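Undergrad: Here is the input, now give the coordinates:
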Amino acid sequence: MSDALRFDGVTYTYPEGARPAIEDVDLAIDEGSFALAVGPTGSGKSTLLRAANGLVPQFTGGTFTGRVSVDGRDTLAHAPRRLADVVAFVPQDPGASFVLDRVEDELAYGMENLGVHPVHMRRRVEETLDLLDLAGLRDRSVRTLSGGERQRVAIAAALAAGPRILVLDEPTSQLDPQGAEDVMAALQRLVHDHGMTVLLAEHRLERVAGWVDVAIGFDHGRVRSGTPADVIGHLGAGPPVTRLGRILGWDPLPLTVRAARAAAAAGSRPALPPRDVARNGDGHGPVVAEVRAVSASYAETTVVRDLDLDVHEGEVLAVMGRNGAGKSTLLRVLAGIHEPSEGQVRVLGSKPRPGVDVGLCPQEADELLFNDSVEHEVRATLVARGEAGDAGPWLAALGIAGLAARHPRDLSAGQRLLVATAAVAATDAPLLALDEPTRGLDPASKERLIGFIRAHAIAGRAAVVATHDVELAAAVATRVVILAGGELIADGEPGSVLGDSRVFAPQMTRVFGPGWLTPEQVAEALT
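TA: Numbering: from 1, shown residues only. Next up, the predicted model:
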């Protein structure tokens, strides 16, 4: 079998970088492989993916040695656009790749540049719209799409051009669970039925580990490849079922719910489902935020409908729902950034003041970063509060104190998100609103974020977290609500709401039944 992608002795250092982002990488990815790049936040995954079509170093600059070949072509000898017929790249930020405003036009744009005949172009557009269930969005402006909808459109635009190799950086990070499964199934069909080569990086291993056949492990700029079980086991990473397997000593370690069920059937099972307990209090403390009969619209389209909601002191409220359900809009309304078309919002009895009563970290965290160092980002918030405080404790709480002197633009997307989260939290607002806060985070960073959110709630404040990450909700939420079409369709304790859902159930629920949320909870019941 021939190599689709090959890296020979590749070392790359970003401009002004103190150390190589990737170092002495030798790697071959066979044609027709479905490969996963896995490793800690900032370990070099995105850099390697961007080198696959020459974006690194042709657009980034820096120091590059070695050779990357795509279908036999040296990427340094060809401009990235000259490789577009062979390899397509979908970045972490899907909106960064859009050129045109209308969804259907965006899908056709790449083919126009390649000189594809209009008849073939039309057929490919239709096939791709159907493949990713986007036909209903074909006439929409990309500016009106939710984050997950933009992500699917970006993948579709890359696929429509007909590349033989598809490279994707966190392709499920903004997708709801069903949308993520649909995208992974579509990618697997392209690999199995059409011989396409797919290379993706992803931190939410519970979404991808069961689909891929090759894994590439990153550790401080160096890589190793092998089977998913070998690489993920070596890194000490893995989805929740793998974490449970480590705790209980299962061999082999499961990567999927199905494998975990088999392992659990061969051993002991927890006898009784646990009762829901309030993690940070009883959930009936003073009301921090009130939402009364609120509706909100974008471009004359109602996206939140007649919503009533209270958020209490000590609560961590997870807001879930499909892409386009109204989650991000609800957070913006709570923060006082988006004016409701009907109803009212009150935080501590008054109209919310952005950055004072509510600290909002949006999906596009880069919008908040404008200083020349990580430390200065947090310090700017403190100065705006009239304090000359130390940024150190805020950075340390999220595990990014070592990045204090770094420029935000030199960090990975996950690291930038943590910086933005620290800067927002430094407002010390009574309500913290986080929109998809685990995008780009490795398991260790995610655990620190969970601890940070818990501490915020325990201190007598409240947090509202809009997320597609069911494992985050299972680990930290004291209450879960689900939106559909802008309306509230479920509201209750995590064990009940998540346990009753086929879409939003965490892995422990899928293995052991309703009420079981985290590996630690199951392990405690079994030991």
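
Undergrad: doesn't Gly238 make contact with Glu471?
TA: No. The criterion here is C-beta atoms under 8 Å, and Glu471 misses it with Gly238 at 11.8 Å. Where you see a C-beta, it was placed from the backbone N, CA and C, and this is true even at glycine.

Undergrad: how many other residues sit next to His511?
TA: I think there's a mix-up here, since residue 511 is Val and not His. 25 (other C-beta atoms under 10 Å).

Undergrad: ok, and the closest non-adjacent residue to it?
TA: Of all residues not flanking Val511 in the chain, Ala260 sits nearest, at 4.8 Å (C-beta to C-beta, 6 or more residues apart in numbering).

Undergrad: ok but the one you found is inside a strand, no?
TA: No. Going by DSSP: H, G, I helix; E, B strand; the rest coil, the assignment for Ala260 is helix, not a strand.

Undergrad: how close does it get to Ala209?
TA: Note on Ala260: its distance to Ala209, by C-beta to C-beta, to the nearest Å, is 11 Å.

Undergrad: residues bridging contact with the two, i.e. touching both?
TA: Counting by C-beta atoms under 8 Å, 6 or more residues apart in numbering, Ala260 and Ala209 have no contacts in common.

Undergrad: Against which helices or strands is the longest helix belonging to the chain packed?
TA: Criterion DSSP state H: the longest helix present in the chain is helix 177-194. Where contact means 3 or more C-beta pairs under 8 Å, 6 or more residues apart in numbering; DSSP states H and E, helix 177-194 is packed against strand 34-38, helix 147-160, strand 197-201, helix 205-208.

Undergrad: of those, which approaches Gln521 most closely?
TA: Smallest distance to Gln521 across the helices and strands packed on helix 177-194 (C-beta to C-beta): 16.2 Å, for helix 205-208.

Undergrad: C-terminal to that closest one, what's the next element?
TA: strand 214-219 (DSSP states H and E).

Undergrad: what angle sits between the helix or strand following that next one and strand 214-219?
TA: Using DSSP H and E, the helix or strand that follows strand 214-219 towards the C-terminus is strand 222-226. For strand 222-226 against strand 214-219, the angle by axes from the mean of the first three to the mean of the last three C-alpha atoms, to 10 degrees is 160 degrees.

Undergrad: Wait, Glu149 touches Asn323, no?
TA: Yes. Applying C-beta under 8 Å, one finds Glu149 in contact with Asn323, separated by 5.3 Å.

Undergrad: Using the record's assignment, carve this protein into domains.
TA: 3-245, 287-357+429-526 (automatic domain parsing).

Undergrad: These into JSON lines, with extra columns for mean pLDDT?
TA: Below are these laid out as JSON lines (pLDDT from 0 to 100):
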{"stretch": "domain 3-245", "mean pLDDT": "92"}
{"stretch": "domain 287-357+429-526", "mean pLDDT": "95"}
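
Undergrad: With respect to Ala401, which of those lies nearest?
TA: That would be domain 287-357+429-526 among the domains of the chain, by C-beta to C-beta, at 11.2 Å.

Undergrad: Show the end-to-end separation of the closest one, please.
TA: Criterion C-alpha to C-alpha, to the nearest Å; first-to-last residue distance in domain 287-357+429-526 is 38 Å.

Undergrad: That domain: how far from the chain's middle?
TA: 16 Å (C-alpha atoms, centre = their mean, to the nearest Å).

Undergrad: And for stretch 125-145?
TA: On C-alpha atoms, centre = their mean, the centre of stretch 125-145 falls 21 Å from that of its chain.

Undergrad: Tell me which residues of that stretch come out buried.
TA: For stretch 125-145, a neighbour-count test (16 or more other C-beta atoms under 10 Å) marks 125, 128-129, 131-132, 134, 137, 140, 142, 144-145 as buried.

Undergrad: go on, stretch 206-225?
TA: 206-212, 214-218, 221, 223, 225.

Undergrad: And the furthest pair within those residues?
TA: Gly210 and Gly221 (27.8 Å).

Undergrad: Let me see the contact set for the closest residue in space to Ala505 that isn't next to it in sequence.
TA: Leaving aside its sequence neighbours, Ala505 sits nearest to Leu498 (C-beta to C-beta, 6+ apart; 5.6 Å). Remark: with contacts taken as C-beta under 8 Å, 6+ apart, Leu498 is in contact with 470, 473-474, 480, 504-506, 509, 517.

Undergrad: who wins for most neighbours among the residues you listed?
TA: Counting neighbours by other C-beta under 10 Å, Val470 leads the contacts of Leu498 with 29 neighbours.

Undergrad: Count the residues that sit near Ala77.
TA: When neighbours are counted by other C-beta under 10 Å, Ala77 registers 11.

Undergrad: swap that for Asp8, sorry
TA: 13.

Undergrad: Please apply the same query to the one 3 residues further on.
TA: For Thr11, the tally of surrounding residues (other C-beta under 10 Å) stands at 15.

Undergrad: Give me the distance between stretch 224-240 and the centre of its chain.
TA: On C-alpha atoms, centre = their mean, the centre of stretch 224-240 falls 20 Å from the chain's centre.

Undergrad: Can we start the residue count at 827 from this point?
TA: New numbering, starting at 827: the last item is stretch 1050-1066.

Undergrad: helix or strand for the closest residue to Thr1253 other than its chain neighbours, which one?
TA: With C-beta to C-beta, 6+ apart as the criterion, Thr1253 has its nearest non-adjacent residue at 4.2 Å, and that residue is Gly1185. According to DSSP H and E, Gly1185 maps onto strand 1184-1187.

Undergrad: thinking again about what came up before, is it possible to get TSV of the helices and strands packed on helix 1003-1020 that adds distance to Ala1090?
TA: Below are the helices and strands packed on helix 1003-1020 laid out as TSV (distance: least, C-beta to C-beta, whole Å):
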stretch	distance to Ala1090
strand 860-864	24
helix 973-986	32
strand 1023-1027	29
helix 1031-1034	16
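
Undergrad: Tell me how far Glu938 lies from Asp1326.
TA: 47 Å.

Undergrad: wait, Gly1181 sits on Asp1254?
TA: No. Gly1181 is beyond contact range of Asp1254, at 10.4 Å (criterion: C-beta under 8 Å).

Undergrad: Skipping its backbone neighbours, what lies nearest Ala1227 in space?
TA: Nearest to Ala1227 is Leu1221, by C-beta to C-beta, 6+ apart, at 4.4 Å.

Undergrad: would that neighbour count as being in a helix?
TA: Yes. Judged by three-state DSSP, Leu1221 forms part of a helix.

Undergrad: on that earlier part again, ok, the buried residues of stretch 951-971 vs Leu994, which is closest?
TA: Leu958 (12.6 Å).

Undergrad: List the contacts of the closest one.
TA: 978, 981-982, 985, 1008-1009, 1012.

Undergrad: Strand partners (parallel or antiparallel) of the helix or strand that contains Tyr838?
TA: Taking DSSP H and E as the definition, Tyr838 sits inside strand 829-839. Sheet partners assigned to strand 829-839 using DSSP bridges are listed as strand 848-856 (antiparallel), strand 889-896 (antiparallel).

Undergrad: Could you give the separation of that strand from the chain centroid?
TA: On C-alpha atoms, centre = their mean, the centre of strand 829-839 falls 26 Å from that of its chain.

Undergrad: which neighbours does the helix or strand where Thr1128 lies have in its sheet, and in what orientation?
TA: According to DSSP H and E, Thr1128 maps onto strand 1127-1138. Applying DSSP bridges, strand 1127-1138 is found paired with strand 1113-1124 (antiparallel).

Undergrad: And the strand it pairs with, what's buried?
TA: Neighbour count says strand 1113-1124 has 1113-1117, 1120-1123 buried, by 16+ other C-beta under 10 Å.

Undergrad: could I get those as JSON lines with distance to Pro1003?
TA: As requested, these are exported to JSON lines (distance: C-beta to C-beta, whole Å):
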{"residue": "Val1113", "distance to Pro1003": "31"}
{"residue": "Val1114", "distance to Pro1003": "29"}
{"residue": "Ala1115", "distance to Pro1003": "27"}
{"residue": "Glu1116", "distance to Pro1003": "30"}
{"residue": "Val1117", "distance to Pro1003": "25"}
{"residue": "Val1120", "distance to Pro1003": "26"}
{"residue": "Ser1121", "distance to Pro1003": "27"}
{"residue": "Ala1122", "distance to Pro1003": "24"}
{"residue": "Ser1123", "distance to Pro1003": "27"}
